[in-house]
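Visitor: The sequence isn't on hand, but the structure is:
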C-alpha cells in the first residue's frame, strides 16, 4: 500500500510569490494534518482537516491556508512568501483525527526554499 | 501552554553502547507522549507512544521509554545501538484541544563504529 505522498519534493520560489503544496493520504484515511519544520527545529502544527472541514489551526498567519478535497487529498497554500517560510512542509494522515491514540503517518515532505 | 524540551541537541555513541535521549514536557493534564525518528530526506516514523497504564513503553526497533510524572520526563532508551539508528529523534506531546502534536527541537544521534 502506498504511504502518504507529497508533491513536489523540492520547490524554489522568490519572495512575494505564492506556492501550493499537495498531499495524498493513505487510502482509507480521512484526516490530514500539515506541519512546518524549519531547519534545526521540530515540526510545528499548521492545520488539521477532517472530512473537508478545518478541525485545528496552529499559530500561523493568514497567508497560510489549506483545503481538503472529497477524495481526502489536501493542498496547503502560502501567499506572499517570506524568506522565513523556507522549511520542510510535512503532511500526516490518520484514520479520523479524532483520538489522541490514533497513529499519524507522515510523508517525506516538500522542501520549500524562498530566495 | 504545553511545551517539550530536548536538552541534548547532538549525541554521539559507539555502536553497541546503550543510549538514553532525554525529554521533558510541560502539560497541565495527563499527557499523551510520543517519540518519532526522522532519517535524512524522510518523514517522521513513530517509535512509541504513551497514553496511560504501564509507565514503561516498548516500541519498534528495540526502543523503550519511561514516563515519570514526578520528573515530567519521557526519556527514550535502547540497550545496544546499531549504526542504522543514526537519525534525528523527536519527542512530542499531544494536544487534546487541537488534536495537534507539539514537538521538541530534536536530538541528532550519531553512531561511531
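Guide: Yep, that arrived. Please read these numbers as outputs of a predicted model, since none were measured by experiment.

Visitor: check which helix or strand covers residue A:35.
Guide: Applying DSSP states H and E as the criterion places residue A:35 in strand A:31-37.

Visitor: Partner strands of that strand, with direction?
Guide: If you go by DSSP bridges, strand A:31-37 pairs up with strand A:44-50 (antiparallel), strand A:87-94 (antiparallel).

Visitor: where exactly do the strands run in the chain?
Guide: Here I'm looking at chain A. Using DSSP state E, the strands of chain A run over residues A:5-7, A:10-13, A:19-24, A:31-37, A:44-50, A:53-57, A:64-68, A:74-78, A:87-94, A:105-106, A:110-114.

Visitor: let's do chain B instead
Guide: B:3-5, B:10-14, B:19-21, B:24-26, B:33-38, B:44-50, B:56-58, B:64-68, B:73-78, B:87-95, B:100-103, B:107-112.

Visitor: Take the ones you listed and lay them out in TSV including distance to residue A:13, mean pLDDT and mean neighbour count.
Guide: The C-beta positions use only the backbone N, C-alpha and C, and glycine is treated the same way. Shown next, in TSV, are the strands of chain B (distance: least, CB to CB, whole Å; pLDDT from 0 to 100; neighbours: other CB atoms under 10 Å in any protein chain shown):
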stretch	distance to residue A:13	mean pLDDT	mean neighbour count
strand B:3-5	31	94	16
strand B:10-14	31	97	13
strand B:19-21	35	98	18
strand B:24-26	35	94	16
strand B:33-38	24	95	24
strand B:44-50	24	93	20
strand B:56-58	41	95	14
strand B:64-68	39	96	18
strand B:73-78	36	97	20
strand B:87-95	25	92	23
strand B:100-103	25	90	24
strand B:107-112	28	97	16
